[in-house]
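[1] Next one to model:
(2 chains)
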Amino acid sequence: MNNRELQNQFDRISAARLSKIKGGVSKHIALSNSRSITLRNKLNRMGLEGPHIEAAKAMIDEIGLQGVLENQSLGVRFATMPSSKSKPKIWKGG
Amino acid sequence: MKKDAFPPSIVNLLLAEGQRWKVNGKMREALGTGIIPITASARGGKTSLSYVLIDYVIRHTNRPVILDSFPQRVIDEGLPSHWEGRVSNEKFSDLAKINKPAVWLLDDNAVHYNSRDSMTNSSKLLARAAGVISHFGGGMTVIFTTQLLSGIDLSFLRFTTLAPIIRFIDPDVISQERKEWRSIVQEGQYQLRRVCQDERFRDYFYSSKERVLCPAPFPKFLDKKIDPVKADLLSRPMRYHTEEDRQAMISGEVKRAKKKKKKVLEDE
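    Coordinates of the predicted model:
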């Protein structure tokens, strides 16, 4: 096993354990970046609330998530899109 | 049972050559020859599904059915009444003597045609048979049950049209499956797990040709509540061989004994 494979394996183990600490961490901490956390914290300290603030937080998270995803392969990025689970194919006669 | 009760790859081999049936609104002619391997772990419904397929053949065709090496008692006492006159008991080695488009059932063949016996007489026979079943008797079909395809000599599966059926396989055993088949067997287990209520997935089977699940009816003649004696005769036919025959099946003594005898004759 080469270094890259070992690193990938270690990443998977770390991610699996990280998500189990106290029930796991939220998406913006796990997959976004530190600026997302800082800006969220700033908005909270300012005591701002409401749908427009939630929308701003969502945008901050999305920018951070996209920053992470832009270094990933097309396949990984595609797999993060929401999709409905396909129904099992059952033969019902011709 | 409707004529299109099973996916096309299976009906294609069960109906006689040239018989027509409807697929996606269009009429299609059956090939009528090939091999249907049914793979499942013990008590996974291999034998009962093979009887369902034979029942289909009896209801929808006039093809004769041959149960390979079945004990005579099972033929005499265990068959449902509507099968009478259609089913016989022959050895697969007598394939060349049958001049009809028969449907053969080779049940639990890991014992007879094991890959470890490669190029023994029975495996040689199978390897040769695979190439000619489409010629003999106007085209024959073989329904073949086994616990894993890795136990079967590959020659048998190389030279003809296949319509593989996958049922429950013990998760600890899947890693022992042939690498060519392993991924499709795993996919089959995943698909079966999605729909089956029965813990051994006996309510559906997976047709690997069409990648589709198919409901697996349980025939009334196998219901122990209706006729426990007949049901047992059919569900565990090999149990009704004589002890000597059972021993010979496991040890391969029959083959060895024949070889020895031949050698002695040659020496004389």
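[2] so what's the residue in the stretch 51-200 of chain B that chain A sits nearest to up against?
    Using Cβ to the nearest Cβ, B:Arg194 is the residue of the stretch 51-200 of chain B that sits closest to chain A, at 4.7 Å. Placement of C-beta: from N, CA and C, glycine included. Residues counted as contacts of B:Arg194 (Cβ atoms under 8 Å, 6 or more residues apart in numbering or on different chains) are A:Pro88.
[3] What is the burial count for residue 11?
    Using chain A. 10 (other Cβ atoms under 10 Å in any protein chain shown).
[4] nope, chain B please
    23.
[5] is it true that it touches B:Gln19?
    No. Contact criterion Cβ atoms under 8 Å: B:Val11 and B:Gln19 do not qualify, at 9.2 Å.
[6] shared neighbours, these two?
    Residues touching both B:Val11 and B:Gln19 (Cβ under 8 Å, 6+ apart): B:Ala30.
[7] Find the nearest non-adjacent residue to B:Glu187, please.
    Spatial nearest neighbour of B:Glu187, excluding adjacent residues (Cβ to Cβ, 6 or more residues apart in numbering or on different chains): B:Arg211 at 7.5 Å.
[8] Contacts only, for the one you found.
    By Cβ under 8 Å, 6+ apart, the contact set of B:Arg211 is A:Lys89, B:Glu187, B:Gln191.
[9] Got the phi and psi for it?
    phi 50, psi 50 (degrees, to the nearest 10).
[10] Give me the pLDDT for it.
    Here, the pLDDT recorded for B:Arg211 equals 94.
[11] With the one 10 residues further on instead?
    Note for B:Phe221: predicted pLDDT of 88.
[12] Wasn't B:Pro101 part of a strand?
    No. Assigned with DSSP: H, G, I helix; E, B strand; the rest coil, B:Pro101 falls outside any strand and is coil.
[13] ok, now which ones touch it?
    B:Ala16, B:Glu17, B:Gly32, B:Thr33, B:Arg63, B:Pro64, B:Gly137, B:Gly138, B:Gly139, B:Met140, B:Thr141.
[14] Look at the closest residue to it other than its chain neighbours and say how many residues are nearby.
    In space, B:Pro101 comes closest to B:Gly138 once its chain neighbours are excluded; the distance is 4.3 Å by Cβ to Cβ, 6+ apart. For B:Gly138, the count of nearby residues is 16 (other Cβ under 10 Å).
[15] Near chain B, which residues of chain A are found?
    Contact residues (Cβ under 8 Å from any Cβ of the partner chain) of chain A with chain B: A:Pro88, A:Lys89, A:Ile90, A:Trp91, A:Gly93, A:Gly94.
[16] With B:Arg28 as the reference, measure out to the first one.
    Here the distance between A:Pro88 and B:Arg28 works out to 25 Å (Cβ to Cβ, to the nearest Å).
[17] what does B:Phe92 give?
    From B:Phe92 to B:Arg28 the distance is 29 Å (Cβ to Cβ).
[18] Please identify which of those two sits among more neighbours.
    Each of B:Phe92 and B:Arg28 has its neighbours counted (other Cβ under 10 Å); B:Phe92 has more, 20 against 16.
[19] where do the helices sit along chain A?
    A:3-18, A:27-31, A:34-45, A:51-69, A:74-79 (DSSP state H).
[20] Check those helices for me and report the most buried one.
    helix A:27-31 (a mean of 15; mean count of other Cβ atoms under 10 Å in any protein chain shown).
[21] Low-confidence regions, the chain specifically.
    No chain was given, so I picked chain A. By pLDDT under 70, the low-scoring segments of chain A are A:1, A:19, A:94.
[22] wait, chain B
    B:109-127, B:151-159, B:249-268.
[23] repeat that for 80
    For chain B, residues meeting the criterion pLDDT under 80 lie at B:69, B:92-96, B:108-138, B:149-160, B:238, B:241-242, B:244-268.
[24] Within range of chain A, give me the residues from it.
    Counting by Cβ under 8 Å from any Cβ, chain B sits next to chain A at B:2, B:4-8, B:21-25, B:191, B:194-195, B:204, B:207, B:210-215.
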